[in-house]
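Peer 1: Structure here, sequence nowhere to be found:
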């Protein structure tokens, strides 16, 4: 598997662990179609590698991920395929939650909107002390439709709805309290290494069995996908939401 042939991510391997770093500093790691395609390509290849037991997701030092690339809504050509965009995003979250690798989100900096989906779909979340989390979708007339099934699994319905309604940033200690984060660390890299030592004792088949079993106890299924993709697509393509996003892109303010 090639590890450096990507334009939106950096991929590196250290023995049984593969690290995928989101690497779009110019857009604060917004989730573009290209980023999703490259991520899924790597994930599919990793799934074929029995010697890899863990996937580490990380962002940049000051931002993990800021969610949807608004260009995918505002661009006329891209808008026509927004449902494809939403399906690609949901596919990644579902893959992370069901694959045979233990997925660790190593979170530093800001996490917004769809970035929280990547965190929530991970098996273990280790966050630095400066990490902050927010779901601002409702301010744009949107809902975190694809994020919610995975966020609810972590935090429960009430806290997921609370985050969606309040739209404000949650610090890492609060994120730990509600279950979005598993560990707060002054040195996330050291905490991840300790995790890998434990996870390295497991077989990928056991990890897969556990994740499959857990998924059957929850609602990560095709019906959920269709509901989530349909909801976010209908909202994102509405004229009001497009005007709001357009205003935000133009002047940084909500209208």
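Peer 2: Alright, I've got the coordinates. What you see is a predicted model; the values in this text were computed from it and never measured.
Peer 1: Tell me how far residue 156 lies from residue 163.
Peer 2: Separation of residue 156 from residue 163 (Cβ to Cβ, to the nearest Å) stands at 11 Å. Heads up, the C-betas are built off the backbone N, CA and C, glycines and all.
Peer 1: what about these two, which has more around it?
Peer 2: Legend: neighbour count by other Cβ atoms under 10 Å for residue 156 and residue 163, higher for residue 163 (25 against 13).
Peer 1: how many other residues sit next to the closest residue to that one other than its chain neighbours?
Peer 2: Leaving out its chain neighbours, the residue that sits closest to residue 163 by Cβ to Cβ, 6 or more residues apart in numbering is residue 135, at 4.8 Å. When neighbours are defined as other Cβ under 10 Å, residue 135 has 31 of them.
Peer 1: Quick one: low-confidence residue ranges for this structure.
Peer 2: Within the chain, the ranges that satisfy pLDDT under 70 run 1-4, 72-80, 252-255.
Peer 1: Leaving out chain neighbours, which residue sits closest to residue 149?
Peer 2: Excluding its sequence neighbours, the residue lying closest to residue 149 (Cβ to Cβ, 6+ apart) is residue 224, at 5.1 Å.
Peer 1: Now name the helix or strand holding the residue lying closest to residue 183 once chain neighbours are set aside.
Peer 2: With sequence-adjacent residues excluded and distances taken as Cβ to Cβ, 6+ apart, residue 183 is closest to residue 126, at 4.8 Å. Assigned by DSSP states H and E, residue 126 falls within strand 124-128.
Peer 1: Downstream of that strand, the next helix or strand is which one?
Peer 2: strand 132-134.
Peer 1: Sheet partners, orientation included, of that following strand?
Peer 2: strand 110-112 (parallel), strand 170-171 (antiparallel) (DSSP bridges).
Peer 1: Any idea which of these gets closest to residue 68?
Peer 2: strand 110-112 (9.2 Å; Cβ to Cβ).
Peer 1: ok so, going back, ramachandran coordinates for the residue nearest to residue 163?
Peer 2: With angles defined as degrees, to the nearest 10, residue 135 sits at phi -120, psi 90.
Peer 1: Can you name the residues in contact with stretch 171-185?
Peer 2: Contacts with stretch 171-185, where a contact means Cβ atoms under 8 Å, 6 or more residues apart in numbering, come from 107, 116, 119-120, 124-133, 151, 154-156, 159, 163, 170, 191.
Peer 1: Please apply the same query to stretch 191-205.
Peer 2: Contacts of stretch 191-205 with the rest of the structure, by Cβ under 8 Å, 6+ apart, involve 16-17, 50, 52-54, 56, 100-102, 104, 106, 124, 126, 183, 185, 207.
Peer 1: go again using 6 Å as the cut-off
Peer 2: Stretch 191-205 has contacts (Cβ atoms under 6 Å, 6 or more residues apart in numbering) with 16-17, 53-54, 100, 102, 104, 106, 126, 183, 185.
Peer 1: got it, and stretch 55-68?
Peer 2: Identification of contacts with stretch 55-68 by Cβ under 6 Å, 6+ apart yields 17-22, 25, 28-31, 101, 103-115, 118.
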